[in-house]
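**Student:** output the structure for:
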Amino acid sequence: MISSIREHSARAIRRLTPLLIVCAAKAWGEVPQNPPSIFAPESTPANSIFHLSLFVLAITGGIFVVVGGLLTWALIRYRARGDDTREPPQIYGSTQVELAWTVIPVLIVVVLFLTTARIIFAIQDAPKPKSALDVTVVGHQFWWEFRYPKLGIVTANELHVPVGSATFLHLLSADVMHSFWVPQLAGKTDLIPNHPNETWIQPDRPGLYLGQCAQFCGVEHAKMLLRVYVDTPQQFAAWVKNQQQPGVQDPGVAAGRQVFETHACTNCHAVSGTAATGRFGPDLTHFASRATFASGAVPNTPENLHEWIKDPDHFKEGVLMPAMQLNDAEIDELVAYLDSLH
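**Tutor:** Below is the predicted model of the structure:
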């Protein structure tokens, strides 16, 4: 009875999971083209990894079929029959068999090694085009910082890149080990303290692609999410133009700006055009232009932002941002200010 209940529950979860993913994405106002998977590549490096995985799967699948077939044949051919209790003929050693099970596996391993090495070097040593976009990625506990050095842009958690062009990522860590992984765009690449790393992507199709920190980095590792927006050239140019502008300072939210500048917010966060120059937390210059906050874990709505400022642990237990100890009126003013930073 219990096993039957477990089986039905497992089936229900398998059926509901894709629906829940889509519903959650719709609630955020954006639906990724596919759930994160290495089997739906949309970038040049991801395509290379995908074809390598199919090659390895074909070889290992063939080994499974051969070994499983021989084992099944042996079990049927040499099974006990009736009252026949005689010991079958014994064979002690066979040069041909021993050579076969030594040479063939060695050849298989060599082929897999050479094929994998070729793909690794092809990705790692890919020539960098002059038109490539440079982005510095800094992993923090527990969020992502993205710097565009040639464009003068600093943003957080949501990476924007143009479709069809190569984007080279310079990976750094501000604290512990992290790992940059967007399955549909590239393989996992670690961010190691005091050891810069590199990777690159070249998306084939516009859209939203989801990723994850793939290296355990602390309590909130599971909610250190990644969102990569692959834009058309026109969309990317418009995004760059907007991000290069100073944060909008709406006179109607002056009270909220005062709350922001007279409390500890400025110790951690930066807003272009203000006295806030903190680097410990995300840059908030264009905070309202982002679909999410808390590293993609929370939809960016005034209600969620109010609760986040009041008690960050409500959404992300173990997050390093402290509760600001503001009253509801001050939080409402601060939310209005942050919601004006487009």
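
**Student:** which is the succeeding secondary structure element to the helix or strand encompassing G62?
**Tutor:** Using DSSP states H and E, G62 sits in helix 44-77. Next along the chain after helix 44-77, taking DSSP H and E as the criterion, comes helix 95-124.

**Student:** quick revisit: can you list the buried residues in the helix holding G62?
**Tutor:** T44, P45, A46, S48, I49, F50, L52 (16 or more other C-beta atoms under 10 Å). C-beta here means a position set from N, CA and C on the backbone, and glycine is covered the same way.

**Student:** tell me what it is packed against?
**Tutor:** For helix 44-77, the packing partners by 3 or more C-beta pairs under 8 Å, 6 or more residues apart in numbering; DSSP states H and E come out as helix 95-124, strand 197-201.

**Student:** nearest to D83, of the ones you listed?
**Tutor:** Among the helices and strands packed on helix 44-77, the nearest to D83 by C-beta to C-beta is helix 95-124 (31.2 Å).

**Student:** and the angle for that closest one with helix 44-77?
**Tutor:** 160 degrees (axes from the mean of the first three to the mean of the last three C-alpha atoms, to 10 degrees).

**Student:** parallel or antiparallel, which strands does the very next helix or strand once past helix 95-124 pair with?
**Tutor:** Next along the chain after helix 95-124, taking DSSP H and E as the criterion, comes strand 133-140. Take DSSP bridges as the rule and strand 133-140 pairs in its sheet with strand 143-148 (antiparallel), strand 167-173 (parallel).

**Student:** go through those and name the closest to R227.
**Tutor:** strand 143-148 (9.1 Å).

**Student:** so which residues make contact with the closest one?
**Tutor:** 133-139, 153-159, 174, 224, 226, 240, 281-283, 294-295 (C-beta atoms under 8 Å, 6 or more residues apart in numbering).

**Student:** now that strand: how far from the chain's centre is it?
**Tutor:** 14 Å (C-alpha atoms, centre = their mean, to the nearest Å).

**Student:** go on, stretch 281-300?
**Tutor:** Distance, centroid of stretch 281-300 to centroid of chain: 16 Å (C-alpha atoms, centre = their mean).

**Student:** dump that stretch to PDB, restricted to CA.
**Tutor:** Provided in PDB are the C-alpha atoms of stretch 281-300 (Å, rounded to 0.1, in the frame of the first residue of the first chain):
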ATOM      1  CA  GLY A 281      26.100  44.600  -2.100                       C
ATOM      2  CA  PRO A 282      24.600  45.000  -5.600                       C
ATOM      3  CA  ASP A 283      24.700  48.200  -7.500                       C
ATOM      4  CA  LEU A 284      21.100  49.700  -7.400                       C
ATOM      5  CA  THR A 285      21.500  52.500 -10.000                       C
ATOM      6  CA  HIS A 286      18.900  50.800 -12.300                       C
ATOM      7  CA  PHE A 287      17.300  48.500  -9.700                       C
ATOM      8  CA  ALA A 288      13.700  48.900 -11.000                       C
ATOM      9  CA  SER A 289      14.700  47.700 -14.500                       C
ATOM     10  CA  ARG A 290      15.400  44.200 -13.200                       C
ATOM     11  CA  ALA A 291      12.700  41.600 -13.100                       C
ATOM     12  CA  THR A 292      14.000  40.000  -9.900                       C
ATOM     13  CA  PHE A 293      16.200  40.700  -6.900                       C
ATOM     14  CA  ALA A 294      17.900  38.500  -4.300                       C
ATOM     15  CA  SER A 295      19.900  36.900  -7.200                       C
ATOM     16  CA  GLY A 296      16.800  35.900  -9.100                       C
ATOM     17  CA  ALA A 297      15.100  34.400  -6.100                       C
ATOM     18  CA  VAL A 298      12.300  37.000  -5.700                       C
ATOM     19  CA  PRO A 299      10.100  38.800  -8.300                       C
ATOM     20  CA  ASN A 300      10.800  42.500  -8.200                       C
END
